[in-house]
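Enquirer: Just to be clear, the model below is a prediction. Sequence and coordinates:
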Amino acid sequence: MSTEPSTEPNTESSRAATTAPYRLDPKGGCPHAANARLLARGAVTDVVLPGGIAGKMVLGHEALKDFLSRPDVAKSPAHFTALREGAIPPGWPLLTFAVVPGMITADGDDHRRLRTLVSRAFTARRVEAMRAGIESVTAALLDSLAREAAAGDGVVDLRARFALPLPLSVICTLLGLDEEYRERLHELSNQVVSTTIEPQAAIAANKEMIQLLAAIAAIRAERPGDDLTSALIAVRDEDGDRLSQEELIGTLMLTVVAGHETTLNLISNAVRALCGHRDQLEAVRSGKAGWADVVEETLRWDAPVSYFPFRYPVEDITVDGTLIPKGTPVLAGYSAAGRDTEAHGPDAGRFDVTRSGGSRHLSLGHGAHFCLGAPLARLEGAIALERLFTRFPDLDLAVPEAELERHASFVGNGVDELPVRLTR
């Protein structure tokens, strides 16, 4: 993240610096040091978004929990003052988050309508029925890792070879997307959510992804299957009032992106955490904690999403004593809330899989927009980690943690590569 101004006491400049808006670095980086400084200011802070757009960020756990459930806070871009006034240019790197049609930008009845249509794919029974498929994909990927390591120097990129293909395969299978499209969909997903992308590249990536998903939808309309895409198309064709073509494509885009990018970061961050805290790995192996506990503690301690855009007050509101004017774009500071000492105790910065109340975090959202795919992500994470460390009990990072390249985004929280050595 960008460097914070000095906070040396007893000078006029330092007093101004401690209250200056936090300028988000489009290149991202590890968020935790900056979060600690920002939380010391308060639960809500001013931020500067790309392009000099003023916004707010809610970082404190209790303040964020309250904010995410408020009825006077909306997701629809109709409430985004800067967008409505023409201050947001085409190709703005966060524009997709603001305007893509679907659940992520819907409120009230529209949100309930869209969420109801999609939620059938994420029922507890449907998710549990996917367990065998997840285990099968996991086993195949682990076999591939072993072959690659044996053929080379023993080092493999776990992000590219395991943490990415597992959730991408699962979500594309759920949607009925053929394997030939998967790599390109991931590449486009990366571009769509990038905060460093150039305007023309952002426009081109959004256009291509919309076209690709529309083409896939057309194929599924001709050859429907037992998948979410086919089910949504049937609703569109039978009752256009319940799902428009734009909402269909927006829903597919949201499901593809959210369905694998966040789980990719979850698995990668958990592996990094366990490699850096071997005592916690031993706690799981000795039965003091389970793999589900590892997932929950990773979600809290190193959330897959750092700062998620956007919500907008529909009127001037006050959150934890701070005024947030109507129409202000507000980021949810999930990575900060996870280490808020007021909520998680003075040792909130410590990775501890035996921590009581581990699922008390907000990293999967809260309120009406709580992540629909949470049960699936949790299942994938637990299976992936258990099978990985059972197959390769001595797995460790092949380079120091500090040398890992961070993913270039202040939205997603993860690394670009994860080189590991499978055996000693």
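Expert: Here it is on my side, so go on.
Enquirer: What segments of the stretch 1-150 of the chain are helices?
Expert: Residue ranges of the helices in the stretch 1-150 of the chain, as given by DSSP state H, counting those that start in this stretch, are 12-19, 32-41, 61-68, 81-84, 95-99, 108-119, 124-129, 131-151.
Enquirer: and residue 244, which of the ones you listed is closest to it?
Expert: Judged by Cβ to Cβ, the one of the helices of the stretch 1-150 of the chain that comes nearest to residue 244 is helix 108-119, at 10.2 Å. C-betas here are computed from N, CA, C, even on glycine.
Enquirer: What are the buried residues along the closest one?
Expert: Judged by neighbour count using 16 or more other Cβ atoms under 10 Å, the buried positions of helix 108-119 are 110-111, 114-115, 117-118.
Enquirer: now for those residues, which pair is the farthest apart?
Expert: For the buried residues of helix 108-119, with distances taken as Cβ to Cβ, the pair at the greatest spread is 110 and 118 (12.9 Å).
Enquirer: ok, back up a step: dump the helices of the stretch 1-150 of the chain into a markdown table; add mean pLDDT and distance to residue 376 as well.
Expert: Output for the helices of the stretch 1-150 of the chain, formatted as a markdown table (pLDDT from 0 to 100; distance: least, Cβ to Cβ, whole Å):
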| stretch | mean pLDDT | distance to residue 376 |
| --- | --- | --- |
| helix 12-19 | 46 | 42 |
| helix 32-41 | 96 | 27 |
| helix 61-68 | 97 | 21 |
| helix 81-84 | 97 | 32 |
| helix 95-99 | 93 | 22 |
| helix 108-119 | 92 | 12 |
| helix 124-129 | 89 | 5 |
| helix 131-151 | 96 | 9 |
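Enquirer: Name the surrounding residues that touch the helix or strand containing residue 297.
Expert: Secondary-structure element containing residue 297, defined by DSSP states H and E: helix 291-301. Applying Cβ atoms under 8 Å, 6 or more residues apart in numbering, the contact partners of helix 291-301 are 266, 269-270, 273-274, 280, 284, 338-339, 344, 351-355, 358-361, 363-364, 378, 381-382, 385-386.
Enquirer: model confidence over the next helix or strand after it, on average?
Expert: For helix 291-301, the following helix or strand on the C-terminal side (DSSP H and E) is strand 307-313. This predicted structure assigns strand 307-313 an average pLDDT of 97.
Enquirer: and strand 307-313, how far out from the chain's middle?
Expert: Its chain's C-alpha centre lies 14 Å from the corresponding centre of strand 307-313 when counted by Cα atoms, centre = their mean, to the nearest Å.
Enquirer: Please apply the same query to stretch 266-281.
Expert: Distance of stretch 266-281 from its chain centroid, counting by Cα atoms, centre = their mean, is 18 Å.
Enquirer: what does stretch 373-384 give?
Expert: Between the mean C-alpha position of stretch 373-384 and that of its chain there is a distance of 13 Å (Cα atoms, centre = their mean).
Enquirer: Many thanks, have a good one.
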